[in-house]
Structure formats: C-alpha cells, structure tokens
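Colleague: Mind looking at a prediction? Sequence and model below.
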Amino acid sequence: MNEATIRQFLKQVEKELNGNILPFWLTHLRDGKNGGFVGWMSNDLVVDEKAPKGLILHTRLLWTFSALARFLGDSRCEAMAHDAFEVLRRDFWDERYGGAYWQVGAEGPLQVQKKTYGQAFLIYGLAEYYRLTQTSKALAMAMEVFERLEKQALDQEYEGYWEVMERDWTLAAKQQLSEGDLVAPKSMNAHLHLLEAFTELYSVRPVGKVGRRLEELLEIFQRFILDGQTHHFGLFFERDWKWLTRRVSFGHDIEGSWLLYRAAQVLGEEKRGPQTASVSLEIAEAVLREGLDADGSVLYERDEKGRTNAEKHFWCQAEAVVGFLNACQLSGRQEYLEAAWRLWRFIEDYQIDRTYGEWFWKLDARRKPDLSMPKVSEWKCPYHNSRACMETIQRLEMILKERVLNGQTVR
C-alpha cells in the first residue's frame with residue numbers, strides 16, 4: 001500500500017462517519033411521541049412506538065455521542081449526549097438499589113435485573129460523558145456501579161464476575177444474558193466489556209482499586225478465557241472457569257485483541273505492555289488466518305465441529321478494521337494494513353445501506369442483506385461502527401505521521 005492508498009482509505013472513513021453514520025443517528029433517533037430515543041426501528045425506518053427501551057442501546061448512545069462530540073467538536077453530538085445522560089438518570093437508574101434496569105417502557109421499568117454486561121456499558125458511557133463534560137454526577141454514578149459490582153457481583157472464590165444479579169443485587173437463579181446465549185454463570189462477553197469499561201473509568205479516575213481490578217481482568221483473560229494454543233477466546237464458563245463450549249467467535253476475538261492492548265496502555269505498566277502486545281498479535285494472527293472469507297470479510301462463527309457460519313455481521317467487520325490496524329501498529333507488518341483496507345472496501349461495497357442509511361445488521365453467505373433485521377434496537381446502535389471510524393481515522397493518521405511507508409516500520 002502506498003501513501004495515496006492510505007490517504008484514500010482515510011478519506012473514505014471520514015466520509016462514512018460524517019456523511020452516513022452521524023446524519024442517520026442525528027436524524028432518526030428522537031422519539032417524538034414518548035420522548036427520549038426510539039427503542040426499535042425497522043431496516044426501512046418504520047418505528048415501533050410501543051417497543052421497550054433497552055439499557056444497552058442507551059448506554060451505547062451515551063458513549064457514542066460523548067465520544068463524537070469530543071472527536072468532531074460537534075455541538076449536536078454534545079446535545080445528544082446530554083439527553084442520553086438524562087434518559088439514563090431519569091428512566092433507567094435505580095434510586096433504591098443503584099445500578100440500571102435492563103429494560104424500561106412508557107410506564108416504567110420492565111426488566112429490573114442487574115446484568116453485568118449492562119452495568120459495564122453504563123460505566124463505559126458515564127466515563128466518556130464525564131470526559132466530555134466533567135459532570136461530577138456522571139463520575140459518581142460510574143463509581144457507584146463499580147462499587148456495587150465489587151460488593152455483589154464479584155466471585156470472591158473463583159475470580160471474575162457473575163453474569164446476572166436481581167434488582168437488589170442478590171444472585172439470580174438463572175445466569176443468562178439473552179435467549180441466544182448459553183445458561184452460564186460467567187461469560188467472555190461480560191468480562192470483555194467490563195475490561196473495556198474499567199479501562200475508560202481508570203483513564204478518567206485513576207484510583208488504585210479500579211486499576212487493580214483492570215489488571216486482574218487482564219490476567220483473567222490470559223489465564224482462563226484465552227486458549228494459549230489456538231489463540232481464540234472461550235465464550236461461556238462454569239463458575240470455576242471450565243469451558244462450556246469450544247465455539248469460536250471471530251468478531252469477539254479481533255475486538256478483544258485491541259481492547260486488551262488498550263487496557264495495558266492505560267495501566268501504563270512497562271512489563272504488562274509487551275506481554276499484552278504479544279497476546280494481542282497472536283489473536284489477530286489467528287483471525288487473519290482462520291476467520292476471513294475469500295472476499296476479506298470476517299466470518300461470524302465456527303462451531304465445535306469446525307463448521308463455519310459465513311454470515312457477515314456489521315459489528316464484526318467494524319471491530320476487525322480496528323483490530324488489524326492495531327496489529328499493524330504493533331508489528332509493523334504490511335499484511336495487517338492490507339487486511340484492514342480490503343475489509344473496509346467490503347464494508348463500502350456491501351455492509352452500508354445506500355438506500356436508508358447506516359449499515360445492514362447482517363448479510364448472508366452470499367452477501368445479501370437480511371432486511372428483517374432492525375436498524376435500531378436494544379442491540380443495534382452506532383457504537384461499533386462509529387468507534388471503528390474514529391479509531392481508524394486516528395490510527396491511519398498516526399501511520400502516515402510515522403512515515404511507515406518508507407520501509408522503516410512496515411515490512
């Protein structure tokens with residue numbers, strides 16, 4: 001890849017963020033009937049006004065608009081971030097027990113369990129909002145959730161965190177994030193996003209107890225979650241970290257590769273950084289060799305019998321662009337940069353919805369979009385693709401600045 005191609009890559013990502021992703025969410029998100037933001041919208045922009053509103057969507061909106069407001073200096077994004085914070089504080093926050101409800105409706109809370117995955121995203125969004133606004137209430141809420149997790153959701157015997165707590169933070173009888181997941185007391189997914197959340201909390205509130213937990217999460221990933229032979233993450237676990245499945249999620253692998261290194265960077269430990277960089281590269285290499293389709297896109301999963309699910313989910317493609325760029329920066333290897341560029345061209349050609357805007361949730365093995373999947377829902381939001389754009393822009397600018405194309409660091 002020459003300098004002109006990298007600049008083309010950079011220009012296309014900037015255009016996608018500013019010309020498609022951001023306008024879509026600024027234009028279509030407001031709930032004119034019930035207030036706040038819509039909870040569900042079809043691919044062709046039909047809103048379900050009665051749909052419940054989910055914690056994951058709203059915490060990710062808080063993070064996204066806070067991050068975009070800082071990244072772009074856009075007052076519209078800042079206003080949306082303020083509104084997202086108010087919705088979370090007013091409608092989702094549990095004044096009696098602390099933390100946030102999983103789901104709310106027009107009449108109040110619908111699902112009141114405290115799922116670790118959701119609380120992690122609450123911390124993540126609040127930390128970014130605090131970074132933007134220095135609002136003391138946001139930081140206080142984030143630290144309160146952190147303390148609740150420490151006191152109620154932390155497994156003191158086997159390490160790590162339980163998957164689901166009841167409203168009052170007692171242990172739930174059924175440990176399951178969603179209907180599509182295994183019933184399991186611990187999951188990679190919850191711990192990955194706790195790692196992500198504690199990383200950003202520590203970056204704005206570098207107190208010892210947050211740093212210690214973040215370091216312990218890095219150790220948990222390397223000791224229990226990551227298979228050191230295959231370099232893939234386990235997905236679901238018994239309380240004592242016995243693996244419940246050998247299914248592989250390529251999207252989570254590549255997302256985790258750069259989030260692990262980001263955590264090590266924020267901790268700032270000289271010994272931790274090189275070790276985590278090595279692990280990050282091993283994960284990225286496994287995805288590069290095993291997790292890509294012939295067109296350069298990221299396959300969804302591989303089951304325990306070795307059968308591949310060739311669907312193309314939007315978040316996997318977004319995270320892989322960042323993961324491969326991170327691997328390029330860590331290793332200096334040109335093939336990772338080329339993989340990121342090839343993947344971005346796949347996104348441009350197939351994943352972006354040129355009719356209604358934003359990205360299709362998923363494509364089938366023949367790259368045909370599944371139009372039954374929503375554009376907005378509890379799980380469909382701008383977090384993955386907007387973050388990928390911001391990270392890609394910053395990383396490509398850094399690659400250009402460091403003059404990696406002259407042979408000094410790229411080989």
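Modeller: That came through, no problem.
Colleague: ok, now which ones touch Arg70?
Modeller: Contact partners of Arg70, counting by C-beta atoms under 8 Å, 6 or more residues apart in numbering, are Arg131, Leu132. (C-beta placed from N, C-alpha, C; glycine too.)
Colleague: Ignore what I typed, I meant Ala365.
Modeller: So Ala365 contacts Ala310, Glu311 (C-beta under 8 Å, 6+ apart).
Colleague: got it, and Ala388?
Modeller: Ala318, Glu319, Val321, Val322.
Colleague: What is the neighbour count of the first one?
Modeller: Put plainly, it is Ala318. 27 (other C-beta atoms under 10 Å).
Colleague: Need the per-residue pLDDT for the residue nearest to it when sequence neighbours are not counted.
Modeller: Once flanking residues are discounted, Ala318 sits nearest to Ala388: 3.7 Å by C-beta to C-beta, 6 or more residues apart in numbering. As predicted, Ala388 sits at a pLDDT of 98.
Colleague: how about the helix or strand hosting Ala388 as CSV, C-alpha atoms only?
Modeller: Taking DSSP states H and E as the criterion, Ala388 maps to helix 383-401. These are the backbone C-alpha positions of helix 383-401, laid out as CSV (Å, rounded to 0.1, in the frame of the first residue of the first chain):
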residue,chain,number,x,y,z
TYR,A,383,-21.3,2.2,18.9
HIS,A,384,-19.3,-0.3,16.9
ASN,A,385,-19.2,1.4,13.5
SER,A,386,-18.7,5.0,14.8
ARG,A,387,-16.0,3.8,17.2
ALA,A,388,-14.3,1.9,14.3
CYS,A,389,-14.4,5.1,12.2
MET,A,390,-12.9,7.2,15.0
GLU,A,391,-10.2,4.6,15.8
THR,A,392,-9.4,4.1,12.1
ILE,A,393,-9.0,7.8,11.4
GLN,A,394,-6.7,8.3,14.4
ARG,A,395,-4.6,5.2,13.6
LEU,A,396,-4.2,5.9,9.9
GLU,A,397,-3.2,9.5,10.7
MET,A,398,-0.6,8.0,13.1
ILE,A,399,0.6,5.6,10.5
LEU,A,400,1.1,8.4,8.0
LYS,A,401,2.7,10.6,10.6
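Colleague: buried residues in it?
Modeller: Buried residues in helix 383-401, counted by 16 or more other C-beta atoms under 10 Å: 383-393, 395-396, 399.
Colleague: ok, now stretch 25-36?
Modeller: Trp25, Leu26, His28, Leu29, Asp31, Gly36.
Colleague: ditto for stretch 244-256
Modeller: Leu244, Arg247, Val248, Ser249, Phe250, Gly251, His252, Asp253, Ile254, Glu255, Gly256.
Colleague: cool, and stretch 351-371?
Modeller: Buried-residue list, stretch 351-371, by 16+ other C-beta under 10 Å: Gln351, Ile352, Asp353, Gly357, Glu358, Trp359, Phe360, Trp361, Lys362, Leu363, Arg367, Pro369.
Colleague: quick one on the thing from earlier: nearest to Leu126 among the buried residues of stretch 25-36?
Modeller: Nearest to Leu126 among the buried residues of stretch 25-36 is Gly36, at 17.2 Å by C-beta to C-beta.
Colleague: Can you tell me which residue sits nearest the middle of the protein?
Modeller: His384 (5.7 Å; C-alpha atoms, centre = their mean).
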